[in-house]
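Student: Take a look and give me a structure for this.
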Amino acid sequence: MDQVEEVLSKVDIVELINERVPLKKAGRNFKANCPFHSEKTPSFIVSPERQIFKCFGCGAGGNAYKFLMEYEKMDFGEALNYLANQVGVRLKSYRPGPEETKKRRLYEINHLAAETYHFLLTKHQAGKTAREYLANRGISQKTIEEFMLGYAPGEYEFLAKFLIDKKDFLPEEVEASGLVFKNDRGNLIDRFRDRIMFPLYDPRGNIAGFSGRIIKPQENTGKYINTPETMIYHKSQLLFGFSQAKEALRKTKQAVVVEGEFDMISPFQIGVKNIVAIKGSALTEEQIRLLGRYVEELILALDADSAGDAAARRGIQLAVNEGLNVKVVSLGDKFKDPDEAARADPEFFKKQVKRAQSIFDFYIDSALKRFDVATAWGKKKIVDEVAPILAGINDEILQSHYVQELSGRLKVDQEAVWKKIHRAWPAADDAQDNYQDFRQEPRKNRHQMLLDYLFALCFQEEQQQELIKQDLKELISNPGLKRIADLLEEYLSTHDRFDSQEFVKKLPDELVVIFNNFFVYPLSEKVTDSQSQEKEINQIKQELKLIDLKERKSRLSTQISQAEKNGQEQEVEKLSRQIDNIDQKIKQLITLVIK
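Tutor: Residues are numbered from 1 along each chain as shown. So this is what the prediction gives:
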């Protein structure tokens, strides 16, 4: 057994997943709402026997390594190292692949850059102006340390020379980090110069990139610049302050969401620890999924206008449809942003967070303020604006509540509002289609579904003998299932009892995935004991035979048509008698299936 298999053999996948996604017992298996796509009915199954997971909604599935790679966005090497540490295996022989090695080097470069920037800010004369700037903004030394804030000097080649000449990184590695870029002459130039540096951490605590803010306003220079997209930095997946806020998010089940680094840091300093920052006003699907692991409620403390723009609305709709309760903080005309409010009046900011308003109440109130509710035209404009938003809600109770709310405040008939919503549905559906998971599995016909279910039932309930009976084997048309049945018959002929761990070793690789899926396939709640198992198996067999007979009848009907065209009367009579015989059997089977 190699070390990859050794680590896997010591991992309990149920425990691993349950730490991240609460699981409920379901017969021999465990189930939950899938963490990889939106759903109301649990279709995510974990099998302790086969140590695998499978979602029958989006198709995601695999072992413990695959789960960490999907859920934590780890590459294989990271997942292996993580699990090896968890189960106490010291890795000796594993060699990371080229892509994994590149990622590790980029993390090393970022961590070294962060330490260097931090040293310059806190200990070096070069960081004096930056220290004064942060002090004037009320940023404490403790916060500087906790967030590892730094300072990038104004020199053009400071970091490039330091990393390449002093730390022996290759020029192409440093360029790939996004910390430097090539100018027209081919020289590597520091991307961040004379800026306060904010390290951007991924959910596992690695520094994936940076955001840099200018200290003094400059012409033709953005206030903030960020690391460009790299092998390890993906803006849509990160939340500034997430590492520092993680425990508070888990404890409060709420996330206060703001738009920038200082808007996150200043409230954090006054005790609002469950706070994270996004870039811009639009939450992404990845950010929503990440927050959804920890919280049940999002409290948006964004600019008043930004919560209503199209991109922000799409993100908010996604969050609502993920089952999150979304609210909005109002700072009124008193303060321009959370940073200013938290520094000038901490109690006011905390109070406004507690008073946060439902996002749909916010949308309705906003429209009512901007249009004249006393006129028919004003009411029309309000409903035109709000109806598409309400059409995007996929929870019927929530949607019905806000239809009543809107019609009541406008003093118009609910039916009129519903008609507007119905007209808006196609657009809302199109928006939802953009977020459909690409892993949806193709639809299977009834015959294949019954066979899959029967194999799952027999393997999960230790009724493997049923699968090698001749009457069933004749009904198996799928080559993969037929091969598994043949190998099962061979195995049972030499073993007293069935052992899935032993049997799977006899399967070729292409059949292992099919076999594993039998152990996560959800069984009917009617299957509770040996008697109900036997009844279910017999019922499925009868329906499979019925389908087979109908297919045979269809083939014979085609042959009769051909024989009639060719004038073969005797052949027609012969085939007709066969069809009559099949019809009798079908009638008998239909009676049995109905019972």
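Student: who touches residue 480 in this structure?
Tutor: 510, 511, 514 (CB atoms under 8 Å, 6 or more residues apart in numbering). Yep, even glycine has a C-beta here, placed from its N, CA and C like the rest.
Student: Return the subset of those residues lying in helices.
Tutor: 510, 511, 514 (DSSP state H).
Student: Which strand or helix spans the residue nearest to residue 288 when sequence neighbours are not counted?
Tutor: Computed as CB to CB, 6 or more residues apart in numbering, the closest residue to residue 288 that is not its neighbour in sequence is residue 319, at 4.9 Å. Assigned by DSSP states H and E, residue 319 falls within helix 310-321.
Student: same for that helix, what does it pack against?
Tutor: Counting contacts by 3 or more CB pairs under 8 Å, 6 or more residues apart in numbering; DSSP states H and E, helix 310-321 packs against helix 285-292, strand 325-328, helix 414-433.
Student: Confidence-wise, which of the ones you listed is weakest overall?
Tutor: Mean pLDDT values for those show the minimum at helix 414-433, a mean of 71.
Student: in the helix or strand following that one, what counts as buried?
Tutor: On the C-terminal side of helix 414-433, the nearest following helix or strand under DSSP H and E is helix 446-460. Neighbour counts over helix 446-460 (16 or more other CB atoms under 10 Å) mark 447, 450, 451, 452, 453, 454, 455, 456, 457, 458, 459, 460 as buried.
Student: try stretch 268-279
Tutor: Those would be 268, 269, 270, 272, 273, 274, 275, 276, 277, 278, 279, for stretch 268-279 by 16+ other CB under 10 Å.
Student: now the ones in helices among the contacts of residue 480 in CSV, with distance to residue 39?
Tutor: Shown next, in CSV, are those (distance: CB to CB, whole Å):
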residue, distance to residue 39
510, 29
511, 29
514, 24
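Student: Show me just the buried residues among those residues.
Tutor: Neighbour counting with 16+ other CB under 10 Å marks 511, 514 as buried within the ones in helices among the contacts of residue 480.
Student: quick check, nearest of the ones in helices among the contacts of residue 480 to residue 523?
Tutor: Distances from residue 523 to these, taken as CB to CB, are shortest for residue 514 (17.2 Å).
Student: Tell me which helix or strand in the protein has the weakest average pLDDT.
Tutor: None of the helices or strands of the chain scores lower by mean pLDDT, DSSP states H and E than helix 414-433, at a mean of 71.
Student: Show the end-to-end separation of stretch 230-239, please.
Tutor: Across its full length, stretch 230-239 reaches 16 Å between end residues, using CA to CA, to the nearest Å.
Student: Now do it: everything it contacts.
Tutor: Defining contact as CB under 8 Å, 6+ apart, one finds that stretch 230-239 is touched by 73, 99, 102-103, 106-107, 110, 176-178, 200-202, 206, 208-209, 226-227, 229, 276-279, 284-287, 290-291.
Student: Residue 76 and residue 204, how far apart?
Tutor: For residue 76, the distance to residue 204 equals 15 Å [CB to CB, to the nearest Å].
Student: ok, these two, which is more surrounded?
Tutor: Remark: of residue 76 and residue 204, residue 76 carries more neighbours, 17 against 13, as counted by other CB atoms under 10 Å.
Student: per-residue pLDDT, that one?
Tutor: Reported pLDDT at residue 76 in the predicted model: 89.
Student: That one and residue 496: what is the separation?
Tutor: In terms of CB to CB, residue 76 sits 38 Å off from residue 496.
Student: Repeat that for residue 118.
Tutor: In terms of CB to CB, residue 118 sits 66 Å off from residue 496.
Student: okay, those two: which has more neighbours?
Tutor: Set residue 118 next to residue 496 and count neighbours by other CB under 10 Å: residue 118 wins out with 20 against 5.
Student: need the contact list for that one.
Tutor: Counting by CB under 8 Å, 6+ apart, residue 118 touches 148, 149, 150.
Student: Of those, which is the most crowded?
Tutor: residue 150 leads the contacts of residue 118 on contacts (other CB under 10 Å) with 26 neighbours.
Student: what's the neighbour count on the residue nearest to that one when sequence neighbours are not counted?
Tutor: Nearest non-adjacent residue to residue 150, counting by CB to CB, 6+ apart: residue 117, 2.5 Å away. Residues within reach of residue 117, counting by other CB under 10 Å, total 27.
Student: In this structure residue 117 contacts residue 144, no?
Tutor: No. Using CB atoms under 8 Å, residue 117 makes no contact with residue 144, being 11.2 Å away.
Student: What residues does residue 240 make contact with?
Tutor: Taking CB under 8 Å, 6+ apart as the contact definition, residue 240 lies against 198, 200, 211, 260, 261, 264, 276, 277, 278, 279.
Student: Name the SS class of the first one, please.
Tutor: So that's residue 198. strand (DSSP: H, G, I helix; E, B strand; the rest coil).
Student: residues near it, how many?
Tutor: With other CB under 10 Å as criterion, residue 198 counts 27.
Student: Now do the contacts for it.
Tutor: Here residue 198 is in contact with 147, 149, 210, 211, 212, 213, 240, 261 (CB under 8 Å, 6+ apart).
Student: now do 7 Å
Tutor: Going by CB atoms under 7 Å, 6 or more residues apart in numbering, residue 198 touches 147, 149, 210, 211, 240, 261.
Student: three-state assignment of the third one?
Tutor: Same thing as residue 210. At residue 210 the chain is in strand, as set by three-state DSSP.
Student: Just the pLDDT for it.
Tutor: Looking at residue 210, its pLDDT stands at 97.
Student: Could you do the fifth one as well?
Tutor: In this prediction, residue 240 carries a pLDDT score of 96.
Student: likewise the first one?
Tutor: Among the per-residue scores, residue 147 shows a pLDDT of 97.
Student: Could you do the last one as well?
Tutor: For residue 261, the pLDDT comes out at 95.
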